[in-house]
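Chemist: next one to model:
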Amino acid sequence: MKKNTISSIRNIGIIAHIDAGKTTVTERILYYTGRSHKIGEVHDGEAVMDWMADEQERGITITSAVTTCQWRSNKIQIIDTPGHVDFTIEVERSLRVLDGAVGVFCAVGGVEPQSETVWHQADKYNVPKIAFINKMDRIGADFFRTLEMMRDRLDASPLIMQLPVGAEDNFAGVIDLIDMQQIVWDPDSLGENYQTADIPRDYQEKAVAYREKLIEKLAEIDDDLMEVYLAEEPIDRQMLMNAVRKATIALELVPVFCGSALKNKGIQPLIDAIVDFLPAPTDIPSMEGLHPETGSVIECPVRDNAPLAALIFKVSMMEGRKLSFVRIYSGTMKAGSEIFNPARNKKEKLSRILLMHADKRERVSTAGAGSIVGIVGLKESSTGETLCDEKHPLLLETMEFYEPVISMAVEPKTHADQEKLDQVLAKFIAEDPTLKVHLDEDTGQTILSGMGELHLEIIISRMLREFKTSVNVGKPQVVYRETIAKKIEVSSVFDREVAGKHHFGEVKLRLAPKPRGTGNTFTSRITEEIIPEQFIPAIKKGVFESLASGALMGYPVVDVDAVLIGGSYKDSLGTELAYTVSASMACKEALAAGEPFLLDPIMAVEILVPESFMGEVIGDLNSRNGKIESINPQRGIQSIKAVVPLARMFGYSTSLRSATQGRGTFTMQFSHFDSI
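Modeler: Numbers count the residues shown, from 1 in each chain. Down below sits the predicted model:
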């Protein structure tokens, strides 16, 4: 493959709500750029990017897939991300390493719940975006309503670059407001052939008005353009293109395009827009890291000859081998060389570097700044960790992972499965940081925790399909939290001989409840004379170890204020062990006496339902202890936002389908812990 300069690289993600058409858009991009020789359809289970068997069966994206293609001498590295809320970590870790994103919206559904989630994830990482309003050929398609929803729900400032010609069955093409011409696709050529034509007469006035709005919006934020506009001089095409690019990269505007990916309309202008308006690695501020020992800030210049700085954003087990996906921010990686992981203080051997195309791979000898590649050979390094040059160590900002909200018990079906189960689960945990496994000491069960029912269902399916490991599955259990209802003071003494040495420590603690969501805190209110300062960290450690397991059912304890208010110390007998154990005993006693109670995980739920079924849906939510927060009308349907305890949401999709004759849809994500 031809070597690209760093300024000609585009690292982009395709993000959207489930069923908005992300994978269909990606398949067309791959076909028109020559990366694929046929169009793979999601509904046929043949999409290149949905390569897992579970993805092909279900018609959804589960894991983010990486691919590379060329367009107009530019290298576009694409990550196609899932739209289902259970796999939101895949979006999070992809956006962490991308420079730009294409938000795909369904022209019928508009800005749907998960669209908001992924859009705000992109905002969190300051990722410039362009938007593609897809499915303009579908009944109910409404371009301008989707734009309005982008303003209202996403707080975005859309910049209309194209107008649709017709909609639904009459969708005929688009009007390009920069070049002021209509683009029409040949239906017999799979969309490869398209022509430009004059704007239809009944659209001319509208096109002129919207082009004027486009120029006015750009002039507000581009001083050079403002001068030419106010002087009423002709504005050339390049000036407009530069202004759009500048405003997009500065996160001030979101250029909006439209089309129908399934009907092969609108994709080539979208690829042009990716190249023209989304940033190259050189267009955004250089990544910064911290020196692992001094904590000083180190800049990572986007150059091949700079010291290496790369981030592992995903680990995947492919054909039993560990494949790490890496974004290189500066420097060059070479196959066969040694690299350094400062988080673990370990050197690792890079055996191979791979250019990825979904599950296909192409070996390369080197990869430079701006590249997204797969690497084989890392034994210990995992997701969120930095790879660098040992002589120039630095730590890049790590990644945040979500806490699981649903658990199920798994047990092997046969003795042979028992031997494999632990190994298989270890591989899944290495791949997916939102997946947790622990052994319940009371029951001896292996408990698997994840982000939702579908998330755990896919893991069980993959165990059998990929690793030939069969398991029996228990009913999903909700992961609760515990807290206390009243203030309590307790003292505890640890005074005994351990391994031939006498240990003494006395601690008096006061535990008190805190407001929801404020977390646990520890403070010391005693003087050096009561307990020497050197033992305070040991006491804090004992407290927090106890808070990890509550008195009621062993769930983690939250929203508790622990204050050290007294104790005693004996010369030569006081030890860290004694104070840790004493603090732990006092804390456990206080938790048991403080009227402990459970906190449920509360889910934020959004339900889209036809108006005629509103009463039944709201009645059902009330029966589940749900609390309605808002009801918003949306062109023939109602959007109900509510908070509902997760324990009451099992099987909700079936209930909603039967209550709405299959016409209601919902999404949910974790909101907070609270009592009900």
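
Chemist: okay, CA-based contacts and neighbour counts for the rest of this
Modeler: Fine.

Chemist: list the contacts for the closest residue to V25 other than its chain neighbours?
Modeler: Of all residues not flanking V25 in the chain, A261 sits nearest, at 5.4 Å (Cα to Cα, 6 or more residues apart in numbering). Contacts for A261 were tallied using Cα atoms under 8 Å, 6 or more residues apart in numbering; they are G21, T24, V25, R28, N134, K135, I267.

Chemist: and the residue in the chain sticking out farthest from the centre, what are its phi and psi?
Modeler: Seen from the C-alpha centroid of the chain, the residue lying at the greatest distance (Cα atoms, centre = their mean) is D571, 53.2 Å away. Backbone dihedrals for D571, given as degrees, to the nearest 10, come out at phi -50, psi 140.

Chemist: next one: R93
Modeler: According to degrees, to the nearest 10, R93 has phi -80, psi -20.

Chemist: confirm for me that it is in contact with V315.
Modeler: No - taking contacts as Cα atoms under 8 Å, R93 lies outside contact range of V315: 10.8 Å.

Chemist: the two: which has the busier surroundings?
Modeler: Neighbours per residue (other Cα atoms under 10 Å) separate R93 from V315, with V315 holding more: 24 against 21.

Chemist: in a strand, that's where the more buried one is, yeah?
Modeler: Yes - read with DSSP: H, G, I helix; E, B strand; the rest coil, V315 is one of the residues of a strand.

Chemist: check whether G295 sits in a helix, strand or coil.
Modeler: coil.

Chemist: what about it, neighbour count?
Modeler: The local packing of G295 (other Cα under 10 Å) involves 11 other residues.

Chemist: for A358, give me the pLDDT.
Modeler: pLDDT, A358: 62.

Chemist: for D54, same thing?
Modeler: So, for D54, pLDDT stands at 48.

Chemist: start the count at 753 instead of 1 going forward.
Modeler: Happy to do that; since the first residue is 753 now, the last one works out to D806.

Chemist: name the nearest residue to T898, sequence neighbours excluded.
Modeler: Among residues not flanking T898 along the chain, G862 sits closest, at 4.6 Å (Cα to Cα, 6+ apart).

Chemist: ok, that neighbour - contacts?
Modeler: G862 makes contact with R897, T898, M901, according to Cα under 8 Å, 6+ apart.

Chemist: which SSE is the first one in?
Modeler: It stands for R897. helix 895-906 (DSSP states H and E).

Chemist: check which residues of the helix or strand just after that helix are buried.
Modeler: Using DSSP H and E, the helix or strand that follows helix 895-906 towards the C-terminus is strand 910-912. Buried positions in strand 910-912, judged by neighbour count with 16 or more other Cα atoms under 10 Å: P910, L911, I912.

Chemist: ok so, going back, export the helix holding R897 to CSV, keeping only CA atoms.
Modeler: Output of helix 895-906 as CSV, limited to C-alpha atoms (Å, rounded to 0.1, in the frame of the first residue of the first chain):
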residue,chain,number,x,y,z
PHE,A,895,-34.7,15.9,7.0
PHE,A,896,-35.6,19.1,8.7
ARG,A,897,-37.2,17.5,11.8
THR,A,898,-33.9,15.5,12.3
LEU,A,899,-32.0,18.8,12.1
GLU,A,900,-34.3,20.3,14.8
MET,A,901,-33.7,17.3,17.0
MET,A,902,-30.0,17.7,16.6
ARG,A,903,-30.3,21.3,17.9
ASP,A,904,-32.6,20.4,20.8
ARG,A,905,-31.2,17.1,22.0
LEU,A,906,-27.5,17.3,21.1
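
Chemist: what's the longest strand along the chain packed up against?
Modeler: The longest strand of the chain (DSSP state E) is strand 1348-1362. Where contact means 3 or more Cα pairs under 8 Å, 6 or more residues apart in numbering; DSSP states H and E, strand 1348-1362 is packed against strand 1233-1236, strand 1389-1397, strand 1417-1426.

Chemist: between those, which gets the lowest average pLDDT?
Modeler: Minimum mean pLDDT among these: strand 1417-1426, a mean of 80.

Chemist: who are the packing partners of that one?
Modeler: Using 3+ Cα pairs under 8 Å, 6+ apart, strand 1417-1426 sits against strand 1348-1362, helix 1404-1411.

Chemist: and the shortest one, what's buried?
Modeler: Going back to what we said before, that points to helix 1404-1411. Residues S1407, L1408, A1411 are the ones in helix 1404-1411 that count as buried (16+ other Cα under 10 Å).

Chemist: need those residues in JSON lines (columns: distance to I1091 and pLDDT).
Modeler: Listed next are those as JSON lines, based on distance: Cα to Cα, whole Å; pLDDT from 0 to 100:
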{"residue": "S1407", "distance to I1091": "53", "pLDDT": "83"}
{"residue": "L1408", "distance to I1091": "52", "pLDDT": "82"}
{"residue": "A1411", "distance to I1091": "57", "pLDDT": "86"}
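
Chemist: report how many residues lie close to the closest residue to M901 other than its chain neighbours.
Modeler: The spatial neighbour of M901 that comes closest, neighbours along the chain excluded (Cα to Cα, 6+ apart), is V863 at 5.9 Å. Number of residues near V863 (other Cα under 10 Å) recorded here: 27.

Chemist: one step back: comparing the helices and strands packed on strand 1348-1362, which comes out most buried?
Modeler: Mean neighbour count (mean count of other Cα atoms under 10 Å) peaks for strand 1233-1236 among the helices and strands packed on strand 1348-1362, with a mean of 26.

Chemist: sticking with the closest residue to N1093 other than its chain neighbours, tell me its helix or strand.
Modeler: Sequence neighbours aside, L1139 is the residue nearest to N1093 in space, at 5.0 Å (criterion: Cα to Cα, 6+ apart). Taking DSSP H and E as the criterion, L1139 maps to strand 1138-1140.

Chemist: so where do the helices sit in the stretch 803-952 of the chain?
Modeler: 805-810, 840-849, 865-876, 895-906 (DSSP state H, counting those that start in this stretch).

Chemist: of all those helices, which lies closest to F1077?
Modeler: Among the helices of the stretch 803-952 of the chain, the nearest to F1077 by Cα to Cα is helix 840-849 (10.0 Å).

Chemist: leaving out the residues flanking it, which one is nearest to T1166?
Modeler: For T1166, the spatially nearest residue (Cα to Cα, 6+ apart) is S1222, at 7.7 Å.

Chemist: same deal with D921?
Modeler: Closest residue to D921 apart from its sequence neighbours, by Cα to Cα, 6+ apart: D889 at 5.6 Å.
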